[in-house]
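Novice: sequence and predicted structure, then a few things I'm wondering about:
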Amino acid sequence: HDYSTASSTFTNALHTHGNKYWLWIMAAKFELETMVSPSSARSLFQRALR
């Protein structure tokens, strides 16, 4: 699995479509469940609130 590609795809999508709440949720879910990184998921949620 190429998780770095998925992460960079989410990063690019969030940069372009940062107003789409569901995209932030998908990215955070990916970080939490696939990458097993609760701190990254939390960071994404905090960025989404800004």
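Specialist: Yep, it's here. Numbers count the residues shown, from 1 in each chain.
Novice: residue ranges with poor pLDDT in this structure?
Specialist: Residues of the chain that meet the criterion pLDDT under 70 are absent altogether.
Novice: center of it, which residue is that?
Specialist: By C-alpha atoms, centre = their mean, the mean C-alpha position of the chain lies nearest to residue 27, the distance being 2.5 Å.
Novice: residues near the closest residue in space to that residue that isn't next to it in sequence, how many?
Specialist: In space, and not counting its chain neighbours, residue 27 is closest to residue 10: 4.1 Å by C-beta to C-beta, 6 or more residues apart in numbering. In short, each C-beta sits where N, CA and C put it, glycine included. Applying other C-beta atoms under 10 Å, we find 18 other residues in the vicinity of residue 10.
Novice: now name the helix or strand holding residue 10.
Specialist: When secondary structure is defined by DSSP states H and E, residue 10 falls within helix 3-16.
Novice: tell me what the next helix or strand after that helix is packed against?
Specialist: Scanning the chain past helix 3-16 towards its C-terminal end, the next helix or strand to appear is helix 21-29 (assignment: DSSP H and E). Under the contact criterion of 3 or more C-beta pairs under 8 Å, 6 or more residues apart in numbering; DSSP states H and E, the helices and strands touching helix 21-29 comprise helix 3-16, helix 38-49.
Novice: turn those into JSON lines, columns for distance to residue 22.
Specialist: Supplementary listing: the helices and strands packed on helix 21-29 in JSON lines, determined by distance: least, C-beta to C-beta, whole Å:
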{"stretch": "helix 3-16", "distance to residue 22": "11"}
{"stretch": "helix 38-49", "distance to residue 22": "11"}
